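The following block contains a protein sequence and its predicted model.
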Amino acid sequence: MTEFDAEPTFRTYVVLLRRRKWWVISLALLGLALSLAFAFTARKQYSATAQVLVQSPADQTTPGATQVPVTQTDVETELTLVTSAPIVDSVRRQLGAVPGVTASEVGQTNVIAITATSHSPQQAARIANAYARDFVAYRVTTATQNLTAAEAQLRTQISRLADQLKTLHGRAKSSAEAAALFSQQAVLKEQLAQMQVSGTVNVGGVELVTPAQPPASPSSPQPAKDALLGLVVGLLAGLGAAFLRESLDDRLSSKEAAERAGSAPVLALVPMVPSWRRRQRAMVVALTEPTSPTAESYRSLRTSLQFTRQERKLRSLMVTSPAASEGKTSTLANLGVVFAQAGERVLMVSCDLRRPRLGEFFGFEERSGLTTVLSGKQSLADAIQPVGGHERLWALPAGQVPPNPAELLNGPAAHEIFAGLAERFDLVLIDSPPVLPVTDAVILAKDADATLLVVAAGRTSQGDLQRSAEKLAQVNARVVGLVLNETSKQTSGYGYRYGYGGTYMSEPPLPAVPAQLNGAGASAHRGGGRRAK
């Protein structure tokens, strides 16, 4: 399945070529380079051409025949005879070798061009003339032999008539028979005379009209022509490769493709932040670059979700993605900030119990949190931490990484916690593991009012998104929409990796990242503010 399953338009092809432009440019330049390399390194070749005219003589072997026009079949027959065995044998005797030539019709005329190619201009002309002259000589010889045979046949007939006239001499009524025989003999003699005259004027039906001359310049290579040809061939190859690559590419690169694969609307297109070169450096763009297009896209996402909340209850929202490294945690962090800036009391829950990362965005530790509450080691009120600098933003860290995250999240204690959190806050944002590697997201979806799927443009495959939507639909999860992330980045050059692959991670939780990443003091993040009641 490709992005352009729908009926393609001109804009579709323009978008495709813009995205695959380096394929086209690279192969076009490669074709140009190869053609120039050939042009400047190949040995020079010279081509010389001799021209032979195909005439339309009368059929001299048939008495009384008239001249007929030359047909296309006649010309094609002569073209075949140019390289026939008798001509090749004659050229071999003359040159000591049999160099190849090409014979072709000149336009729509009766002229045959015999072209020879050699490293020497003189040798090229010699080869072409040898074929042309031997071809003409062969046709003359053949015609002469046919004419001689026809003349011999007429002479035999004339001789027989003369013998008959001798036997009729002196017989009765011989004068009438003799007159008839004399008349037949006269007609045959006239035909013989016409045949002899015609044979001396035009014998063979072909004539060498333009002997080959040594060329002044080589026919190959021709740098300008070869360069243009190489560029065109490379360009066509690049276009073909671009369309082939596109047909085999299953990655999402447009809003329309994401909506088709996810069966949900795209609520926001989030561009990559130009200054965010190191993905391992967590960044809340809504705080560090509040006037950037990326921050504005998160505010646009907030607006879309607010309209959705008018139609249906939405107190808890799970944010997940089909696979790892697609920006779900950064989306949740920025979404929490913009909702808090809009005056809502927001709680961010770090439910990625396999690779928690939410604390890196806000500078708090995740050694205690949801898992310690579920194990009874800490109360929920003590586990919730206010986010420094934001009076209406709180976070519930993940806690110690457990050996059985799925079983822990699917227990009754977890369901009770999520139900209670939805009553205490205006909006609860749940950071979930990806959908496809593990089952945690499917479990958490049942505790959330809606699910927001984050996909990365140019990296998330349509198949992964479709399978994720199907898995969520199996538990009747409400997918409120999609976020197409990194819309200005079409390659997978950035992204963190999860430890998913059939085994649970056993290493300790990540250490806290300094809060200076977002310009706030670590002490303010750990103890500042007041908890929500």
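Sure thing, it's come through.

going forward, measure contacts between C-alpha atoms and count neighbours the same way
Noted.

Tell me how this protein divides into domains.
10-42+222-247, 46-210, 252-527 (automatic domain parsing).

Identify whichever of those lies nearest to residue 216.
domain 46-210 (7.5 Å; C-alpha to C-alpha).

How far does the closest one stretch from one end to the other?
In terms of C-alpha to C-alpha, to the nearest Å, the two terminal residues of domain 46-210 are separated by 18 Å.

Give me the buried stretch members for stretch 77-95, please.
78-79, 81-83, 87-88, 90-91 (16 or more other C-alpha atoms under 10 Å).

Tabulate the domains of the chain (TSV), appending mean pLDDT and distance to residue 216.
Shown next, in TSV, are the domains of the chain (pLDDT from 0 to 100; distance: least, C-alpha to C-alpha, whole Å):
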stretch	mean pLDDT	distance to residue 216
domain 10-42+222-247	87	14
domain 46-210	81	8
domain 252-527	82	54
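
highest average neighbour count across those domains?
Of all the domains of the chain, domain 252-527 has the most neighbours on average by mean count of other C-alpha atoms under 10 Å, namely a mean of 20.

just checking, what packs against the longest helix anywhere in the chain?
For the chain, the longest helix by residue count, based on DSSP state H, is helix 121-168. Helix 121-168 sits against strand 46-54, helix 72-82, helix 85-95, strand 111-118, helix 174-201, strand 206-210, with contacts defined as 3 or more C-alpha pairs under 8 Å, 6 or more residues apart in numbering; DSSP states H and E.

Direction-wise, compare the first one with strand 111-118 and give the angle.
What it means is strand 46-54. For strand 46-54 against strand 111-118, the angle by axes from the mean of the first three to the mean of the last three C-alpha atoms, to 10 degrees is 160 degrees.

Next, the contact list for residue 334, please.
Applying C-alpha atoms under 8 Å, 6 or more residues apart in numbering to residue 334 gives the contacts 284-286, 295, 298.

These in helices, which ones?
Per DSSP H, these map to helices at 285-286, 295, 298.

in this structure, which spans are strands?
Applying DSSP state E to the chain gives strands spanning 46-54, 101-105, 111-118, 206-210, 266-270, 316-320, 346-350, 385-386, 393-396, 427-431, 450-456, 479-485.

Pipe these into JSON lines and attach distance to residue 412 per row.
As requested, the strands of the chain are arranged in JSON lines below (distance: least, C-alpha to C-alpha, whole Å):
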{"stretch": "strand 46-54", "distance to residue 412": "90"}
{"stretch": "strand 101-105", "distance to residue 412": "88"}
{"stretch": "strand 111-118", "distance to residue 412": "89"}
{"stretch": "strand 206-210", "distance to residue 412": "101"}
{"stretch": "strand 266-270", "distance to residue 412": "33"}
{"stretch": "strand 316-320", "distance to residue 412": "18"}
{"stretch": "strand 346-350", "distance to residue 412": "17"}
{"stretch": "strand 385-386", "distance to residue 412": "23"}
{"stretch": "strand 393-396", "distance to residue 412": "18"}
{"stretch": "strand 427-431", "distance to residue 412": "17"}
{"stretch": "strand 450-456", "distance to residue 412": "20"}
{"stretch": "strand 479-485", "distance to residue 412": "23"}
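
among these, which is nearest residue 357?
Nearest to residue 357, of all the strands of the chain, is strand 346-350, at 7.7 Å by C-alpha to C-alpha.

List the contacts of that closest one.
In contact with strand 346-350 (C-alpha under 8 Å, 6+ apart) are residues 332-333, 336, 339-340, 356-358, 370, 392-398, 425-432.

Try it again at 7 Å.
Residues outside strand 346-350 that contact it (C-alpha atoms under 7 Å, 6 or more residues apart in numbering) are 336, 339-340, 356, 358, 392-398, 425-431.

about what we covered before: could you point out which of the strands of the chain sits nearest residue 134?
Per C-alpha to C-alpha, nearest to residue 134 of the strands of the chain: strand 206-210, 10.2 Å.

what lines up beside that closest one in the sheet?
Using DSSP bridges, the strands paired with strand 206-210 in its sheet are strand 46-54 (antiparallel).

between the strand it pairs with and strand 101-105, how many degrees?
50 degrees.

Which member of the buried residues of stretch 77-95 is positioned nearest residue 188?
Using C-alpha to C-alpha, these come closest to residue 188 at residue 78, 31.6 Å.

For the nearest residue to residue 336 once chain neighbours are set aside, list each beta-bridge partner.
Distances taken as C-alpha to C-alpha, 6 or more residues apart in numbering place residue 346 nearest to residue 336, at 6.3 Å, with adjacent residues excluded. Residue 346 has these beta-bridge partners by DSSP bridges: residue 393, residue 427.

So which residues of the stretch 401-533 of the chain form helices?
405-409, 412-424, 440-445, 462-474, 522-527 (DSSP state H, counting those that start in this stretch).

Select, out of the ones you listed, the one closest to residue 161.
Nearest of the helices of the stretch 401-533 of the chain to residue 161, taken as C-alpha to C-alpha: helix 462-474 at 98.0 Å.

Show me what that closest one is packed against.
helix 255-262 (3 or more C-alpha pairs under 7 Å, 6 or more residues apart in numbering; DSSP states H and E).

so residue 455 makes contact with residue 486?
No. Assessed by C-alpha atoms under 7 Å, residue 455 is found out of contact with residue 486, at 8.7 Å.

coming back round to it: reformat the contacts of residue 334 as JSON lines; add distance to residue 378.
JSON lines is the format used below for the contacts of residue 334 (distance: C-alpha to C-alpha, whole Å):
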{"residue": "284", "distance to residue 378": "29"}
{"residue": "285", "distance to residue 378": "32"}
{"residue": "286", "distance to residue 378": "32"}
{"residue": "295", "distance to residue 378": "35"}
{"residue": "298", "distance to residue 378": "34"}
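
Pull the most distant pair out of those residues.
284 and 298 (10.7 Å).

The helices of the stretch 401-533 of the chain: which one's closest to residue 259?
Nearest of these (C-alpha to C-alpha): helix 462-474, 9.7 Å.

send the alpha carbons of the closest one over as PDB?
Provided in PDB are the C-alpha atoms of helix 462-474 (Å, rounded to 0.1, in the frame of the first residue of the first chain):
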ATOM      1  CA  GLN A 462       1.100   2.800   7.000                       C
ATOM      2  CA  GLY A 463       0.900  -0.900   7.900                       C
ATOM      3  CA  ASP A 464       2.000  -0.100  11.500                       C
ATOM      4  CA  LEU A 465      -0.500   2.600  11.900                       C
ATOM      5  CA  GLN A 466      -3.300   0.500  10.500                       C
ATOM      6  CA  ARG A 467      -2.400  -2.400  12.800                       C
ATOM      7  CA  SER A 468      -2.300  -0.100  15.800                       C
ATOM      8  CA  ALA A 469      -5.800   1.300  15.000                       C
ATOM      9  CA  GLU A 470      -7.100  -2.300  14.600                       C
ATOM     10  CA  LYS A 471      -5.600  -3.300  18.000                       C
ATOM     11  CA  LEU A 472      -7.200  -0.300  19.700                       C
ATOM     12  CA  ALA A 473     -10.500  -1.000  18.000                       C
ATOM     13  CA  GLN A 474     -10.500  -4.500  19.400                       C
END
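
what does that helix contact?
Here helix 462-474 has contacts from 250-252, 261-262, 322, 435-436, 442, using C-alpha under 7 Å, 6+ apart.

ok, so of the residues you listed, who is nearest residue 152?
Looking across the contacts of helix 462-474 and measuring by C-alpha to C-alpha, the closest to residue 152 is residue 250, at 83.1 Å.

Run a quick neighbour tally on the closest one.
For residue 250, the neighbour count with other C-alpha atoms under 10 Å is 19.

And the pLDDT at it?
For residue 250, the pLDDT comes out at 75.

For the nearest residue to it once chain neighbours are set aside, which residues are in contact?
Leaving out its chain neighbours, the residue that sits closest to residue 250 by C-alpha to C-alpha, 6+ apart is residue 461, at 5.1 Å. Listed by C-alpha under 7 Å, 6+ apart, the contact set of residue 461 reads 250-252.

can you redo the residues you listed as a markdown table with distance to residue 159?
Output for the contacts of residue 461, formatted as a markdown table (distance: C-alpha to C-alpha, whole Å):
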| residue | distance to residue 159 |
| --- | --- |
| 250 | 92 |
| 251 | 95 |
| 252 | 97 |
